[in-house]
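Visitor: Provided below for reference: sequence and predicted model.
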Amino acid sequence: MKLLSLVLCIATLAGCSSAPTRPASVARGDLAATQAYVTRLVQHDMAQDKVTGLSLALVDDQRIVWAQGFGFADVEQGMPASADTIYRVGSISKLFTATAAMQLAERGLLDIDKPVKIKSPETITPRQLMTHHSGLPRDRLKGFQTPQPQPFASLLDDLTGEPLAYPPGQVFSYSNVGISLLGTVLQTLSGTAFAQHMQQSVLTPLGMAHSAFETGVSNSPLMAKGYRGREAVPETPLRDVPAGGLNASVNDLSRFMAMVFADGRSGTQQVLKPETVAEMLRPQNSAVPLDFNFQTGLGWMLSTLGSSTLENAGPVAHHAGAIGMFRSQMYLLPKHKLGIVVLANSATATRVVDHIATETLALALEAKTGITQPAHVKPAWADAPLPAAMQSAHVGHYTTFVGPVHIRADGGDLRVNAVGHDFKLRPRSDGLLGLDYALLGLVSLDLGTLSEIGFSRRTVAGRDLLVARVGTQDMLVGQRMEPPASLGAWQQRLGDYDISNLGDDPKVAQRIRLIEEQGFLVLEITQVDEPDQAVRAVLKPLSDTQALLLGPLADSGETVRSVTVDGVEQLAYSGYLARKRAQH
């Protein structure tokens, strides 16, 4: 979560046009009110976040009850977005790859609990690949997006001898690599190229006539262009096609949602057995302590946070996507057979596609069932001062999914430094701690969704963990750790670095730095697209030549190595080599 951008956005909201007023209630069967409000909301959100084109489709069981496009698929050609506009859907692709895997399981060709061969000393099952519990790295960055990508099956060779980031089954850790390896398994077992197999086994039976798995954009005249702000940006092809290579329209994706609601049936085709659909929607990780109550199915995400949460609606199955300049979001309410998909062709649309999807689905649920969403009640600050025991329990250094976090005592208060900013941790009436931020140390800001997050410190399996709660959803944030006694040989590696083997890959890192922060070794990367922010992570030395790039756990992560190439020491990570800049 990028706290700085959120804070800056909040600080400038006063100058933005006001959002349309949400209907106080929706009469049973009145979809017209939903359409009228959401139409205004789409127009408002697109203008505010500079989104060029957007399409949505709302599905009620086997009917598309509303499908529409807004803005432009191609500004230069004057082509408006429509329900048939084709977008890159990114990680929604994973739902289709998982569907194809379960088809093979139904035929007895794949045992999802039998380890697959991926040239690793660890045993990993297809179930773990589909639930993101394989322990594999999130990505193999070298060659991930490049003009002439290698076949995704080449990942098998790239990962040979590479240690896992986590032991299999230990914790949820999202992995594009894992889904691409699942695609390699499908390709091998079917004896057919992956894209062709997906066309024959999933897309054609669903009647998704304008959809295909491809490395890049479709050559169809219905294909949208991608935009950064108002600028058209050429799309870079993708190697990991099973994880993010589907091109589709909202009309086509509606057929997939309808299949789920029909227990695997699409028209005259039984794409999946009813029991398979049920298994894919069943929480798979309830017995994983470090996942708390975060739930994932086979391919599907089953837990939501903050404003994305739909209450009193039964299970919520969903998946988002982001690839190049395209953003997507899909939500299903299986109990009520309602679903929504929203696709956009702008890199700025991440918030918009989620906001439009959840607002539309909530109002459609009310129109169909009378179920309303409870009024939002912001957690109140506690009147009592922070207890000394709570203060001491939280003080310390943490490795987290947003990088190093340092919590210190400040008189009777707690202060937290994260992503380069200082926040105050204040006790709330529910016994948790909340973030309070003063812009420039002077003006207290409403942090929006961040203000809903409550933090606590828990001990699980001997680990001192920082846990976040939004509503009833708990999620692992990070683990407390002590700085190393010495950085050893890594102390001499502090400085700025450049990628030396970028090749044809697009340059995404504007600056790469290895720094020391409060005794910790920290890798800091400033991205080309977001020069005002930096991605940061703790680097934990294991030896003079190896270190772990930590995420939320203090003893696990991807490996960074010091290697010598042509007599020059470089850092090796995820296929890339980084050479230290000469000091002047």
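Guide: Thanks, I have the structure now.
Visitor: low-confidence stretches in the stretch 451-584 of the chain?
Guide: In the predicted model, the stretch 451-584 of the chain carries pLDDT under 70 at residues 584.
Visitor: run the last query once more with 90
Guide: Within the stretch 451-584 of the chain, the ranges that satisfy pLDDT under 90 run 451-452, 461, 470-472, 527-534, 582-584.
Visitor: mind listing the strands for it?
Guide: If you assign secondary structure with DSSP state E, counting those that start in this stretch, the strands in the stretch 451-584 of the chain sit at 454-460, 463-470, 473-481, 495-499, 509-517, 520-527, 535-541, 546-550, 557-565, 568-573, 576-580.
Visitor: so which elements touch the fourth one?
Guide: Here strand 495-499 touches strand 509-517, strand 576-580, going by 3 or more Cβ pairs under 8 Å, 6 or more residues apart in numbering; DSSP states H and E. From N, CA and C alone the C-beta is placed, and that goes for glycine too.
Visitor: and the angle from it to strand 520-527?
Guide: Our comparison of strand 495-499 with strand 520-527, counting by axes from the mean of the first three to the mean of the last three Cα atoms, to 10 degrees, yields an angle of 50 degrees.
Visitor: same question for strand 495-499: list its buried residues.
Guide: Neighbour-count burial for strand 495-499, counted by 16 or more other Cβ atoms under 10 Å, picks out 497, 499.
Visitor: mind listing what that strand pairs with, with the direction of each?
Guide: Paired neighbours of strand 495-499 in the sheet (DSSP bridges): strand 509-517 (antiparallel), strand 576-580 (antiparallel).
Visitor: which outside residues touch it?
Guide: Defining contact as Cβ atoms under 8 Å, 6 or more residues apart in numbering, one finds that strand 495-499 is touched by 507, 509, 511-514, 571, 576-581, 583.
Visitor: what do you get for the third one?
Guide: The list of residues contacting strand 473-481 from outside it, by Cβ under 8 Å, 6+ apart, reads 171, 290-294, 303-305, 309, 396-401, 405, 455, 457, 463-469, 538, 552-554.
Visitor: are any of the residues you listed buried, and which?
Guide: Among these, the ones that count as buried (16+ other Cβ under 10 Å) are 171, 290-292, 294, 303-305, 309, 396-401, 405, 455, 457, 463-469, 538, 552-554.
Visitor: what is the neighbour count of residue 253?
Guide: Applying other Cβ atoms under 10 Å, we find 28 residues neighbouring residue 253.
Visitor: need the contact list for the closest residue to it other than its chain neighbours.
Guide: With sequence-adjacent residues excluded and distances taken as Cβ to Cβ, 6 or more residues apart in numbering, residue 253 is closest to residue 341, at 4.7 Å. Under the criterion of Cβ under 8 Å, 6+ apart, the contact partners of residue 341 comprise 56, 57, 59, 92, 250, 253, 254, 257, 328, 329, 330, 357.
Visitor: now for these, which pair is the farthest apart?
Guide: Checked with Cβ to Cβ, these reach their widest spread between 59 and 328, with 15.2 Å between them.
Visitor: okay, those two: which has more neighbours?
Guide: In terms of neighbours (other Cβ under 10 Å), residue 328 is the more surrounded of residue 59 and residue 328; the figures are 30 against 26.
Visitor: just list whatever residues bridge to that one.
Guide: With DSSP bridges as the criterion, the beta-bridge partners of residue 328 are residue 321, residue 343.
Visitor: tell me the phi and psi of residue 259?
Guide: Listed backbone geometry of residue 259 is phi -60, psi -40, with angles given as degrees, to the nearest 10.
Visitor: tell me the spacing between it and residue 96.
Guide: Taking Cβ to Cβ, to the nearest Å as the measure, residue 259 falls 11 Å from residue 96.
Visitor: pLDDT of stretch 238-254, averaged?
Guide: Along stretch 238-254, the predicted local confidence has a mean pLDDT of 98.
Visitor: ok so, going back, in a markdown table: the contacts of residue 341, plus secondary structure and distance to residue 35.
Guide: Conversion of the contacts of residue 341 to a markdown table gives the following (DSSP: H, G, I helix; E, B strand; the rest coil; distance: Cβ to Cβ, whole Å):
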| residue | secondary structure | distance to residue 35 |
| --- | --- | --- |
| 56 | strand | 10 |
| 57 | strand | 12 |
| 59 | strand | 14 |
| 92 | helix | 23 |
| 250 | helix | 15 |
| 253 | helix | 19 |
| 254 | helix | 16 |
| 257 | helix | 18 |
| 328 | strand | 21 |
| 329 | strand | 18 |
| 330 | strand | 19 |
| 357 | helix | 15 |
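Visitor: closest one of these to residue 286?
Guide: Proximity of the contacts of residue 341 to residue 286, judged by Cβ to Cβ, is greatest for residue 330, which lies at 23.3 Å.
Visitor: returning to what we had before: can I get the strands of the stretch 451-584 of the chain in JSON lines with distance to residue 130?
Guide: Formatted as JSON lines, the entries for the strands of the stretch 451-584 of the chain read as follows, by distance: least, Cβ to Cβ, whole Å:
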{"stretch": "strand 454-460", "distance to residue 130": "24"}
{"stretch": "strand 463-470", "distance to residue 130": "25"}
{"stretch": "strand 473-481", "distance to residue 130": "20"}
{"stretch": "strand 495-499", "distance to residue 130": "32"}
{"stretch": "strand 509-517", "distance to residue 130": "31"}
{"stretch": "strand 520-527", "distance to residue 130": "29"}
{"stretch": "strand 535-541", "distance to residue 130": "26"}
{"stretch": "strand 546-550", "distance to residue 130": "25"}
{"stretch": "strand 557-565", "distance to residue 130": "21"}
{"stretch": "strand 568-573", "distance to residue 130": "26"}
{"stretch": "strand 576-580", "distance to residue 130": "28"}
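Visitor: so who does the most centrally placed residue in the chain touch?
Guide: In the chain, the centroid-proximal residue (Cα atoms, centre = their mean) is residue 320; its distance is 6.8 Å. Residue 320 sits next to 90, 91, 92, 327, 328, 329, 330, 350, 353, 354 when contact means Cβ under 8 Å, 6+ apart.
Visitor: hey, where'd the helices end up in the stretch 1-150 of the chain?
Guide: Assigned by DSSP state H, counting those that start in this stretch, the helices in the stretch 1-150 of the chain fall at 3-12, 31-48, 93-106, 126-130.
Visitor: which of those helices sits closest to residue 427?
Guide: Of all those, helix 3-12 comes closest under Cβ to Cβ, at 20.3 Å.
Visitor: now, among the contacts of residue 320, which is nearest to residue 235?
Guide: Relative to residue 235, the closest of the contacts of residue 320 is residue 90; by Cβ to Cβ it sits at 11.5 Å.
Visitor: tell me who's in contact with the closest residue to that closest one other than its chain neighbours.
Guide: Among residues not flanking residue 90 along the chain, residue 321 sits closest, at 2.7 Å (Cβ to Cβ, 6+ apart). Residue 321 makes contact with 88, 89, 90, 91, 92, 93, 244, 327, 328, 329 under the criterion Cβ under 8 Å, 6+ apart.
Visitor: try 10 Å
Guide: Residues in contact with residue 321 (Cβ atoms under 10 Å, 6 or more residues apart in numbering) are 87-95, 243-244, 246, 327-330, 343, 353.
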